[in-house]
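# Sharing a sequence plus its predicted fold:
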Amino acid sequence: MNNLTFPRINTPTTAGPQLRLLRRQAGMSQLELALIKGISQRHLSCIETGRAKPGPGTLHNLLMALEVPLEQCNSLFLASGYAPRYETTPLSSPAMEAVREAISHVLHANNPAPAIVLGSHWQVLDANASTAALFSLVGLPADAARDLNLLTTLLQPGGLGDYLINPEEIRTLAWQRATREALSNPVLASLMQTLSAPDTLAALPRELPPLVLTRIACAHGELNFMSTFTTFGMPLDITVTSMRIEHLIPADAQTWQIMTAAYERSRG
């Protein structure tokens, strides 16, 4: 366990001053924001000082331009006297059918490379067949991804982190990313309180590679993967905006060959 704390940032309770703070945090002037959203700088100034109340459409447009997380957007709507605008729809809901189909398509298209769907506190929501094949290659049950939390299994002994050739690099990068996300995610912050921070990385080499690879040892040889993420564009639901798909793209010919063979074996 660690004694990591996530300080709360004192923010104004009324909508106008909150908007002003968010605009400044985004490094945007009143004129720049007003031009982007097609309103006058004078009107935006009146909104920020509380002399004018933005309509729900104007408030939505301003928040989208500032790329404010949807959970925080709801608090701005409440502060303006409106009902929360953005819902948290269960992924299993009929309304999310198109989202589920899109996720399924992306996961399938990534084969024979592994891909996993992560929720807002790093829980694995889904994975493709190649993820199961990868688990089998390192001696784990093919269904080990079910009910798995990626952050926990990377950091705790006995998890996936033990199979990494470069565990210090991957654990440190995962911890740093999760720490940033936890500043606005109380559930993730609580989870991180139960985990131990990784040791500090050793000195950097003189020549840095283009990106850090996820390096995994298996009986067939070393596997090297590049990590990329897919997110949904223009989400208007908190569930959708919190999801991301991590793709582990083989970084060399040997890894492609091993993963392709493992994927074909998994298909019978």
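Structure's in. What do you need?
# Low-confidence ranges, the stretch 1-150 of the chain, go.
1-13 (pLDDT under 70).
# tell me which element the spatially closest residue to residue 225 that is not a sequence neighbour is part of?
Of all residues not flanking residue 225 in the chain, residue 248 sits nearest, at 3.9 Å (C-beta to C-beta, 6 or more residues apart in numbering). (Each C-beta comes from the backbone N, C-alpha and C, glycine too.) Here residue 248, judged by DSSP states H and E, is contained in strand 244-250.
# CA atoms of that strand as PDB?
Taking Å, rounded to 0.1, in the frame of the first residue of the first chain, the C-alpha atoms of strand 244-250 are listed here in PDB:
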ATOM      1  CA  ARG A 244     -10.700   3.000 -24.500                       C
ATOM      2  CA  ILE A 245      -9.400   0.100 -26.500                       C
ATOM      3  CA  GLU A 246      -5.700  -0.700 -26.100                       C
ATOM      4  CA  HIS A 247      -4.100  -2.400 -29.100                       C
ATOM      5  CA  LEU A 248      -0.900  -4.300 -28.700                       C
ATOM      6  CA  ILE A 249       0.600  -4.100 -32.200                       C
ATOM      7  CA  PRO A 250       3.600  -6.500 -32.800                       C
END
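# Name the residues of it that come out as buried.
Neighbour-count burial for strand 244-250 flags 244-250 (criterion: 16 or more other C-beta atoms under 10 Å).
# Other residues contacting that strand?
With C-beta atoms under 8 Å, 6 or more residues apart in numbering as the test, strand 244-250 has contacts from 103, 106-107, 110, 113-118, 134, 150, 214, 223-231, 256, 259.
# Now restrict these to buried residues only.
103, 107, 110, 113-118, 134, 150, 214, 223-226, 230, 259.
# Which stretches in the stretch 151-268 of the chain count as strands?
Using DSSP state E, counting those that start in this stretch, the strands assigned to the stretch 151-268 of the chain run over residues 214-218, 221-230, 244-250.
# Out of those strands, flag the one nearest residue 88.
Between residue 88 and the strands of the stretch 151-268 of the chain, the tightest spacing by C-beta to C-beta is seen for strand 244-250, at 16.2 Å.
# Each with direction, which strands does that closest one pair with?
Sheet pairing of strand 244-250 (DSSP bridges) gives strand 115-118 (antiparallel), strand 221-230 (antiparallel).
# My reading is that residue 63 lies in a helix. Confirm?
Yes: according to DSSP: H, G, I helix; E, B strand; the rest coil, residue 63 belongs to a helix.
# and the closest residue to it other than its chain neighbours, what helix or strand is that in?
Once flanking residues are discounted, residue 63 sits nearest to residue 73: 4.7 Å by C-beta to C-beta, 6+ apart. Following DSSP H and E, one finds residue 73 within helix 70-79.
# bridging residues for the residue nearest to residue 225?
Counting by DSSP bridges, the residues bridging with residue 248 are residue 227.
# before we move on, back to that, quick one: buried residues of the helix holding residue 73?
Applying 16+ other C-beta under 10 Å to helix 70-79 flags 70-71, 73-77, 79 as buried.
# Check the gap between residue 215 and residue 135 for me.
Residue 215 sits 16 Å away from residue 135, going by C-beta to C-beta, to the nearest Å.
# Have a look at these two and say which one is more surrounded.
residue 135 (21 against 18; other C-beta atoms under 10 Å).
# What lies in contact with the helix or strand the more buried one falls within?
If you go by DSSP H and E, residue 135 is part of helix 129-137. Helix 129-137 is contacted from outside by 110-116, 141-145, 216, 218-220, 223, 248, 258-259, 262-263, 265-267, using C-beta under 8 Å, 6+ apart.
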